[in-house]
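Novice: Here is a sequence with its predicted model. Questions after.
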Amino acid sequence: MRRNRNFIFLKDVAGLACTAFGGPQAHVAMMLRLLVAKRRYLTAAELLELQALCALLPGPTSTQTITAIGLRLGGPNLAYLTLLIWCLPAVIIMTVAGLLLSHVDGGRTAQIVQFVQPVAVGFVAFSAYRIAEKVIHTKTSVALMVAAAMVAYFFQLPWVLPVLLLAGGSVTTLRYRKHAIVQDKKPLQVEWANFGLWLGIFLGAALLGHYTEWLPMRLFENFYRNGSLVFGGGQVLAPLLFAEFVEFKHYLTSAEFLSGLGMVQALPGPNFAFASYIGALAMRPTGLGTTGQLVGAVVGALGIFLPGIFLIFFAIRFWDGLRQYRVVKASLEGVNAVSAGLVCAAALLLYHPLADRMLDMPGCPPGWRLPLNPLLVGITFLVLLWERIPSVAIIGAALLAGWLVG
């Protein structure tokens, strides 16, 4: 029975990997719909707690979250399979893009995915509605949600997210006496193995990267260091990689970097797969051809994803022990409220960059036109509210429409 559940979970992860467009906020929206509402692998509050914990750690938040779910359901083996299946589609596509850069038609790709972004915003808006419905129960939670949404909207800085989560948790911690005392508390045990593994590879890669002339080793150190120190997801990672690989080391041109960045934004799955594209292009000077570029892509993917995975494996093992304490339980009310506010802000922030498109109304006088993007966002929200059409069908319809129009 457990083996069948694990197989179904991995199939669900594969579905998300191929349809979860829009970055971490849209990813959690789809996880809520599939993994929580449909499959009931965990509750909405548990998913938000995991996402908040991952957001406090460096690394790719969505990847850490879905890997942590796999760890809880089936242990380390299922977690590593989850990581592989979640990352593989985006990593393969970005590797192929690195190998065939001169043949990639960026304009055609943009046409095909032109309707995916407003649909992704609809997913995020629906996620905000569902989260608020499940975790907002007090006036304090409402206030925290609104305040967090406003701060996140007006101050788009990488350190804002962890600060807001900590601040929200601190506010509701003051109400810890309202929570029941756990009588049989399990002793808090911290297992340092994964932290030691993360730190050991960090220091070892730094030394080898400094003293060796072997380019794959130096690339692994570069990506592992960035994956260990970046907070805030792919949007924050991109300028760091640009500064290191374009401006400082000149492994890529600015045009090559921006082409890859635009492509990864249009793909489902983790934005950190961008590292495989950079790794493939960075290996061109070695003269090893396709083989060398494939090595660079693998090194880039391993270097960027492994630090966050080691850290979440370390943190999650004592997280359940921490949740026994009333102070921690009380803080989770504020963390969840802030998480809801962050998703509300994300829906607005993701909507702003969309190009304005107007839809002519047949049979009406000239000038009678409907704004297409708000219409797509609203239709997506209503379809999700209906709960009869799977997410993959909605994304597939958006891609088909883009292909037909393009």
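Specialist: Okay, I see it.
Novice: SS state for Leu354?
Specialist: Going by DSSP: H, G, I helix; E, B strand; the rest coil, the secondary structure assigned to Leu354 is coil.
Novice: quick one: the closest residue to it other than its chain neighbours and Thr290, what's the gap?
Specialist: In this structure, Leu354 finds its nearest non-sequential neighbour in Asn373, 4.9 Å apart by C-beta to C-beta, 6 or more residues apart in numbering. C-betas here are computed from N, CA, C, even on glycine. Distance from Asn373 to Thr290, counting by C-beta to C-beta, to the nearest Å: 40 Å.
Novice: neighbour-wise, which of those two wins?
Specialist: In this view Asn373 and Thr290 are compared by other C-beta atoms under 10 Å, and Asn373 has more residues nearby, 20 against 10.
Novice: where's that one, which helix or strand?
Specialist: Element membership of Asn373 [criterion: DSSP states H and E] is helix 372-386.
Novice: List the buried residues in that helix.
Specialist: Of the residues in helix 372-386, Leu372, Asn373, Leu376, Val377, Thr380, Phe381, Val383, Leu384 count as buried by neighbour count, 16 or more other C-beta atoms under 10 Å.
Novice: how far out from the middle of the chain is that helix?
Specialist: 22 Å (C-alpha atoms, centre = their mean, to the nearest Å).
Novice: Touching that helix from outside, list them.
Specialist: Where contact means C-beta atoms under 8 Å, 6 or more residues apart in numbering, the residues beyond helix 372-386 that reach it are 33, 115, 118-119, 121-123, 125-126, 129, 351, 354-359, 389, 394, 398.
Novice: could you flag which of the residues you listed are buried?
Specialist: Using 16+ other C-beta under 10 Å, the buried ones in the contacts of helix 372-386 are 33, 115, 118-119, 121-123, 125-126, 129, 351, 354, 394, 398.
Novice: Return the item of these having minimum pLDDT.
Specialist: For the buried ones among the contacts of helix 372-386, the least confidently modelled position is Leu354, at 72, judged by pLDDT.
Novice: my read: that one touches Phe115, true?
Specialist: No: with contact defined as C-beta atoms under 8 Å, Leu354 and Phe115 do not form a contacting pair (10.2 Å).
Novice: so which helix or strand takes in Leu48?
Specialist: For Leu48, the host element (DSSP H and E) is helix 44-55.
Novice: Go through that helix and flag the buried ones.
Specialist: Ala44, Ala45, Leu47, Leu48, Glu49, Leu50, Gln51, Ala52, Leu53, Cys54, Ala55.
Novice: average model confidence for the helix or strand following that helix?
Specialist: Proceeding N to C from helix 44-55, the next assigned helix or strand is helix 61-99, under DSSP H and E. Across helix 61-99, the average pLDDT comes to 92.
Novice: ranges for the strands of the chain?
Specialist: Counting by DSSP state E, the chain forms strands over residues 358-360, 369-371, given from the N-terminal end onward.
Novice: Relative to Leu376, how far out is the closest residue to Ile389 other than its chain neighbours?
Specialist: In space, Ile389 comes closest to Val383 once its chain neighbours are excluded; the distance is 5.5 Å by C-beta to C-beta, 6+ apart. When distance is defined by C-beta to C-beta, Val383 is 10 Å away from Leu376.
Novice: Contacts only, for the residue nearest to Leu348 when sequence neighbours are not counted.
Specialist: With C-beta to C-beta, 6+ apart as the criterion, Leu348 has its nearest non-adjacent residue at 5.9 Å, and that residue is Tyr153. Listed by C-beta under 8 Å, 6+ apart, the contact set of Tyr153 reads Ala345, Leu348, Leu349.
Novice: need the contact list for the residue nearest to the first one when sequence neighbours are not counted.
Specialist: Using C-beta to C-beta, 6+ apart and skipping the chain neighbours, the partner closest in space to Ala345 is Ala152 (3.8 Å). Neighbouring residues of Ala152 by C-beta under 8 Å, 6+ apart: Val160, Leu161, Leu164, Gly341, Leu342, Ala345, Ala346, Leu349.
Novice: 10 Å - rerun?
Specialist: Listed by C-beta atoms under 10 Å, 6 or more residues apart in numbering, the contact set of Ala152 reads Val160, Leu161, Leu164, Val338, Gly341, Leu342, Val343, Cys344, Ala345, Ala346, Leu348, Leu349.
Novice: circling back to that earlier point, give the rounded mean pLDDT of the helix holding Leu48.
Specialist: 84.
Novice: In terms of secondary structure, what does it contact?
Specialist: Using 3 or more C-beta pairs under 10 Å, 6 or more residues apart in numbering; DSSP states H and E as the contact criterion, the secondary-structure elements in contact with helix 44-55 are helix 23-31, helix 61-99, helix 116-135, helix 160-173, helix 289-322, helix 326-351.
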